[in-house]
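Visitor: got a predicted structure plus its sequence, pasted below:
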Amino acid sequence: MPNKFVILVCLCFASFLAFAQPYKSEVINSRKPWDFGFRVGGSYDMTTLRQASEAQWGYKIGFVAEKQLIYNVCFQPSVSFLSKGYKYGYSLPNAPTEKARAYEIEGVAGLVMKFGDPREQTGLIIGVSPYFTYGIGGSMWRKDTAGVQTKEGAFAQNNMNTFDLGFQLGTGYDLSSHFELGLYYYFGLMKIKSYNFLFKGVQLHFTYFL
């Protein structure tokens, strides 16, 4: 479940939206055409395990689109290929260890609000986005207390669950009409595997619109 940090981010986000106003007073509707572009970035992936769990670095690359809905609210869906993982037990002596590196397809139904001067197309971005991931490959390494090592597919039977669902909360900045930078905290709602722990982490991405 979301921790105290997530709850705090949600409260700050809600407070910001309560007082923020779009730059323009007139309604900008869906007549504005879609924009399309590319997205690349990295991630710092963790789990909700409190003991002997270590974060792992990951990356993502994919496609993004954007449609202005009304005022400064935009729909920003994206589809990406991403790599992320976890490991635990390595910090404990003689403990069984496990390390996973997963490759997934991520779909994000981004909803963002853009604040700033639309004439220059620069300014602050606030976003909240549901996402899903679907596992397509990867590996899992295990070592038992006797030191015997095994390697299996990340999504093989009794390993990681193929499907995950969660949310992303974060902020970004429109550098120009073509370039956008975003920093998001994400948290999954589905168990990684039969154990009761979830994915969470931080994603930094760079977007280029054509």
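Guide: Cool, the structure landed.
Visitor: now residue 46: how far from residue 161?
Guide: Using Cβ to Cβ, to the nearest Å, residue 46 is found at 17 Å from residue 161. From N, CA and C alone the C-beta is placed, and that goes for glycine too.
Visitor: next one, pLDDT for the residue of the chain positioned farthest from its centre please.
Guide: In terms of distance from the mean C-alpha position of the chain, residue 146 ranks first, at 36.9 Å (Cα atoms, centre = their mean). Listed pLDDT for residue 146 reads 82.
Visitor: next one: residue 143
Guide: 89.
Visitor: got a list of what it touches?
Guide: 96, 97, 149, 150 (Cβ atoms under 8 Å, 6 or more residues apart in numbering).
Visitor: look at residue 7 and report its pLDDT.
Guide: Looking at residue 7, the pLDDT reads 50.
Visitor: buried residues in stretch 190-205?
Guide: 192, 193, 197, 198, 199, 200, 201, 202, 203, 205 (16 or more other Cβ atoms under 10 Å).
Visitor: can you tell me the distance between the two ends of that stretch?
Guide: Terminal residues of stretch 190-205 lie 23 Å apart, using Cα to Cα, to the nearest Å.
Visitor: same question for whatever helix or strand residue 165 lives in, mean pLDDT?
Guide: Residue 165 is located in strand 163-174, with elements delineated by DSSP states H and E. Across strand 163-174, pLDDT averages out at 95.
Visitor: which other helices and strands contact it?
Guide: helix 4-19, strand 97-117, strand 122-143, strand 179-188, strand 199-209 (3 or more Cβ pairs under 8 Å, 6 or more residues apart in numbering; DSSP states H and E).
Visitor: switch to 6 Å and redo it
Guide: When contacts are defined as 3 or more Cβ pairs under 6 Å, 6 or more residues apart in numbering; DSSP states H and E, strand 163-174 packs onto strand 122-143, strand 179-188.
Visitor: and that strand, how far out from the chain's middle?
Guide: 5 Å (Cα atoms, centre = their mean, to the nearest Å).
Visitor: could you give the angle of it to strand 199-209?
Guide: Note on geometry: by axes from the mean of the first three to the mean of the last three Cα atoms, to 10 degrees, strand 163-174 and strand 199-209 are set 50 degrees apart in direction.
Visitor: now the angle from strand 163-174 to strand 122-143?
Guide: 150 degrees.
Visitor: contacting residues around strand 163-174?
Guide: By Cβ atoms under 6 Å, 6 or more residues apart in numbering, the list of residues contacting strand 163-174 from outside reads 9, 122-123, 125-134, 180-190.
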